[in-house]
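Visitor: can't give you the sequence, but here's the structure:
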């Protein structure tokens, strides 16, 4: 970028919302992933769709890359400005614009943090369910960009299932609104869901209308199993015969060891299912009883039910911290993060496959996941200074993803493609990848939006 | 079309699966809507994606319109070949290709009928929930094309929420597969949901993988109210405070009168909510009790709970026949079919608005709807021979749709745009309609696929 570009951008946002200082460039050069950092040329803090429209118009005319950035908590390098250019910091656009309480909807700017939003909604007895692991830092804009989800997706679905309406600035600067406030529609092409999950490659989302759910009675339960196989089989049985819990999480003994140390807890270091139930007061008791039966049929060692209140909060906080526990306590570094999803019948095999590969390749891993929807996370560890260990870790990642795709699954359930999953796109999508590319070229003919991602 | 075109098509499908006979052309010239019939030039009964690919390649090169047709039960002229050309009859491609019981998935050809599919799935304790009113004739292909749904959408969502994977023949003849068997993914653009609801304007769907649900305990309930206002307010309260029923249908006294005559029933001819509950045995009892309380708080006159078995089946069959009852018993013809959806807070006002307009314009109407998701159907009647009455009916339709859009709703919840709702697209979608049009032009540059629809 040239000085004239910076000067033009300054005329749009003013000198105080633009920076070329090294500290600011560095602060926006790396997300929470293991990918290499890359600095933008300039950081611009946007405050309105109109400003962003003016920025994109200019960037499009001058073919300057633009990368939107909100929470920076992504795990695949999704907002890393690998081609430099303009880093569009979205996190100051973090207002709740309207709580449509009567319609169970909320209109927000993209920079608002997930937990902050749900805290505000709680007083209305409402919540936005997807629950990403990084809920304390993940923004709604980032969740929309990556179709994020987490432990509640098994019952409630992912972000894509909750976005009713979007305001988007197209790469050419045009501001459009798509979708409506009706909770179902058969009117025209579903552009809303095209933008959700497009990782900022088709435009910049500047306003989001979300459908919400009512907060119900909650109860957690913990089931400990003698083996990973027994735990995985239980997941399958619950999925096949119901009832559907609001969360159904698998943790292996390694992950629990990390979590126990990190959160000073004393969970049994054994294959464990952590579950949650949402419903009417008697209804959830009945659901828990049915699930307990399924767990006991599969040889479960202990079943702690009726976990409520602060005990429940503490349990879920621990589960959410699994990634951080590994990240901060392991002597090795996380060098790849598996995020595969397989059809549920293949879940036991996928869990076994990950551990077999770890043994075969001599790579330390820790696994956990949103088992209820077939999503398995694999923290793949390595000494960063040991290139051969690093290569083995990379091989494990490739082989587990290839396995997932070969059984009809996907390379990424909730982290998005970003940088790291691009190499799997052709295998997963075949000729439909070309259709995606054509849509990208149609809407962003100069390729300015978040280049180097997805494709 | 010329004789040479017919001859070429005959080389693809053989003489016995192609017809230019008047009776065949007529049989594919009109759906269940009030729109004018239009004959195709030729009917071709397709049997494979490869055949369809060859047909589209030829049609694209020669700019011949192609209109897919499966059940013919649509209500907006969606598969009427208004520009003639090739009518692609899909209903012989009606096989279940694979029941993936363990994954709660099924792979089908598009021509299979909804009720047939669910009958086959019932032996596995599984079902595909959207439940269109015309479930005995609607095909999965048509449901995918129109993002169809019905009474269960309030709890389970529409067709779009169940399609995991599609095989599609693009207008240029290329066959692609998009989506996967994982129940969530963050990998690339969501082409599946772009094709769902595109009404055959972007290609021909030749294979559909659906996610299924487990059949739970079922119970129906009927609540009778002293006024439409009280019934509508109850819908709002249920939506706001829960629990969510599996169906929540509003019927006005006019519709019940028709249904009573048509099905020889004796439902009370008063504003009525018909509900269904799916869940665990005790859980649904509790749900019904909570809903009964809400109904009684709103002054409900009778609440019949615990409707199960054949009584329940008969009740829902009656509800499903509402449209046919009006169609076959009214002395007037249905000339417009309202399918608006409004945000739930506007539902009482929308119901009132429809009846006010009917009085003001002196147009007979009968209303019913999937009230739980804000969807209101309005059967708008008129003497076909009376152009002034017809004009007033048209005005009522325009005004109620404009109202719906003005409060954030949509022109169509489940019937699709087809011919009849095109005129509302600009008002509803604004500049995003141009993005839809650009995607249409990108994938179908010669405009051969189902021309004259949506845009």
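Guide: Noted; the coordinates are in hand. Fair warning: this is a prediction, and the values are worked out from it, not measured in the lab.
Visitor: Now do stretch A:321-340: distance to the chain's middle.
Guide: Centre-to-centre, stretch A:321-340 and its host chain are 15 Å apart (C-alpha atoms, centre = their mean, to the nearest Å).
Visitor: typed the wrong thing, it's stretch A:246-255
Guide: 17 Å.
Visitor: near chain B, anything from it?
Guide: No - in terms of C-beta under 8 Å from any C-beta of the partner chain, no part of stretch A:246-255 sits within range of chain B; the closest distance is 12.5 Å. From N, CA and C alone the C-beta is placed, and that goes for glycine too.
Visitor: Return the set of buried residues in the helix or strand hosting residue A:319.
Guide: In the assignment (DSSP states H and E), residue A:319 maps to helix A:309-320. By neighbour count on 16 or more other C-beta atoms under 10 Å in any protein chain shown, the buried set for helix A:309-320 is A:312, A:315, A:316, A:318, A:319, A:320.
Visitor: what does stretch A:271-283 give?
Guide: So, applying 16+ other C-beta under 10 Å, buried residues of stretch A:271-283: A:271, A:272, A:273, A:274, A:275, A:276, A:277, A:278, A:279, A:280, A:282, A:283.
Visitor: Please apply the same query to stretch A:23-33.
Guide: Using 16+ other C-beta under 10 Å as the test for burial, stretch A:23-33 gives A:24, A:25, A:27, A:28, A:29, A:30, A:31, A:32, A:33.
Visitor: helices and strands around the lowest-mean-pLDDT helix or strand in chain A, which ones?
Guide: The least trusted helix or strand in chain A, going by mean pLDDT, DSSP states H and E, turns out to be helix A:309-320, with a mean of 85. Packed against helix A:309-320 by the contact rule (3 or more C-beta pairs under 8 Å, 6 or more residues apart in numbering or on different chains; DSSP states H and E) you find strand A:217-224, strand A:247-251, helix A:253-263, strand A:272-279.
Visitor: hmm, who's touching the helix or strand following that helix?
Guide: Moving toward the C-terminus from helix A:309-320, the first helix or strand encountered (DSSP H and E) is helix A:322-329. Residues outside helix A:322-329 that contact it (C-beta atoms under 8 Å, 6 or more residues apart in numbering or on different chains): A:133-134, A:251, A:255, A:258-259, A:261-263, A:334, A:337, A:366, A:368, A:377, A:379, A:381.
Visitor: Quick check: next helix or strand after helix A:322-329?
Guide: Sequence-wise, the next helix or strand downstream of helix A:322-329 (DSSP H and E) is strand A:333-341.
Visitor: could you give me the average pLDDT of that next one?
Guide: For strand A:333-341, mean pLDDT is 93.
Visitor: Next, the buried residues of that strand.
Guide: Result for strand A:333-341 [16+ other C-beta under 10 Å]: buried residues A:333, A:334, A:335, A:336, A:337, A:338, A:339, A:340, A:341.
Visitor: out of those, which touch chain B?
Guide: Among the buried residues of strand A:333-341, chain B is touched by A:339, A:341 when using C-beta under 8 Å from any C-beta.
Visitor: can you map out the helices along the stretch 51-200 of chain A?
Guide: Along the stretch 51-200 of chain A, the segments classed as helices by DSSP state H, counting those that start in this stretch run A:114-122, A:140-146, A:153-156, A:191-195.
Visitor: Just name the most buried of those helices.
Guide: With neighbours defined as mean count of other C-beta atoms under 10 Å in any protein chain shown, the helices of the stretch 51-200 of chain A peak in mean count at helix A:140-146, which reaches a mean of 30.
Visitor: Present the buried residues of stretch A:271-283 as CSV; the columns should include distance to residue A:102 and pLDDT.
Guide: Below are the buried residues of stretch A:271-283 laid out as CSV (distance: C-beta to C-beta, whole Å; pLDDT from 0 to 100):
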residue, distance to residue A:102, pLDDT
A:271, 45, 94
A:272, 41, 94
A:273, 38, 95
A:274, 35, 94
A:275, 32, 95
A:276, 28, 94
A:277, 27, 94
A:278, 22, 94
A:279, 23, 93
A:280, 22, 91
A:282, 28, 91
A:283, 25, 92
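Visitor: Quickly name whichever of the residues you listed is closest to chain B.
Guide: residue A:283 (3.3 Å; C-beta to the nearest C-beta).
Visitor: end-to-end on stretch A:203-216?
Guide: Chord length of stretch A:203-216, first to last residue, is 36 Å (C-alpha to C-alpha, to the nearest Å).
Visitor: Hmm, I typed the wrong one, I wanted stretch A:134-149.
Guide: One end of stretch A:134-149 sits 10 Å from the other (C-alpha to C-alpha).
Visitor: Kindly provide the whole-number mean pLDDT of that stretch.
Guide: Here the average pLDDT along stretch A:134-149 is 97.
Visitor: So is it next to chain B?
Guide: Yes - interface with chain B: stretch A:134-149 contributes A:146, A:147, A:148, A:149 (C-beta under 8 Å from any C-beta).
Visitor: Most neighbours among the residues you listed, please name it.
Guide: Neighbour counts for those (other C-beta atoms under 10 Å in any protein chain shown) peak at residue A:148, which has 32 neighbours.
Visitor: sorry, back to before: and the angle from the helix holding residue A:319 to strand A:247-251?
Guide: 60 degrees (axes from the mean of the first three to the mean of the last three C-alpha atoms, to 10 degrees).
Visitor: tell me the angle helix A:309-320 makes with helix A:322-329.
Guide: Counting by the same axes, to 10 degrees, helix A:309-320 lies at 60 degrees to helix A:322-329.
Visitor: and residue A:236, how many residues sit next to it?
Guide: Residues contacting residue A:236 under the criterion other C-beta under 10 Å number 20.
Visitor: Quick check, pLDDT for it.
Guide: Predicted confidence (pLDDT) for residue A:236: 90.
Visitor: now swap in residue A:172 and tell me
Guide: Predicted confidence (pLDDT) for residue A:172: 97.
Visitor: go on, residue A:254?
Guide: Looking at residue A:254, its pLDDT is 89.
Visitor: That one reaches residue A:378, doesn't it?
Guide: No - with contact defined as C-beta atoms under 8 Å, residue A:254 does not reach residue A:378; the gap is 10.8 Å.
Visitor: and for those two, which residues touch both?
Guide: Common neighbours of residue A:254 and residue A:378, using C-beta under 8 Å, 6+ apart, are A:365, A:366, A:367.
Visitor: Return the closest of these with respect to chain B.
Guide: residue A:367 (16.9 Å).
Visitor: any idea which helix is longest in chain A?
Guide: helix A:387-406 (DSSP state H).
Visitor: Buried subset of the contacts of helix A:322-329 as a PyMOL selection?
Guide: To isolate the buried ones among these in PyMOL, judged by 16+ other C-beta under 10 Å, type:
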select buried, chain A and resi 133+134+251+255+258+259+262+263+334+337+366+368+377+379+381
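Visitor: mind giving me the domain split of chain A?
Guide: A:3-89, A:96-214, A:217-258+A:272-316, A:330-418 (automatic domain parsing).
Visitor: which one of the ones you listed lies closest to residue B:16?
Guide: Among the domains of chain A, domain A:96-214 comes nearest to residue B:16, with 35.4 Å by C-beta to C-beta.
Visitor: distance between the closest one and the chain's centre?
Guide: Going by C-alpha atoms, centre = their mean, where domain A:96-214 is centred and where its chain is centred differ by 13 Å.
Visitor: Mind telling me which residue of the stretch 101-250 of chain A is nearest chain B?
Guide: Minimum separation of the stretch 101-250 of chain A from chain B (C-beta to the nearest C-beta) falls at residue A:181, amounting to 3.2 Å.
Visitor: next one: phi and psi at that residue?
Guide: The phi/psi pair for residue A:181 (degrees, to the nearest 10) reads phi -90, psi 0.
Visitor: Look up how far residue B:346 lies from it.
Guide: Going from residue A:181 to residue B:346 by C-beta to C-beta, to the nearest Å gives 9 Å.
Visitor: Overlap in contacts, those two.
Guide: In contact with both residue A:181 and residue B:346: B:407, B:408, B:409, using C-beta under 8 Å, 6+ apart.
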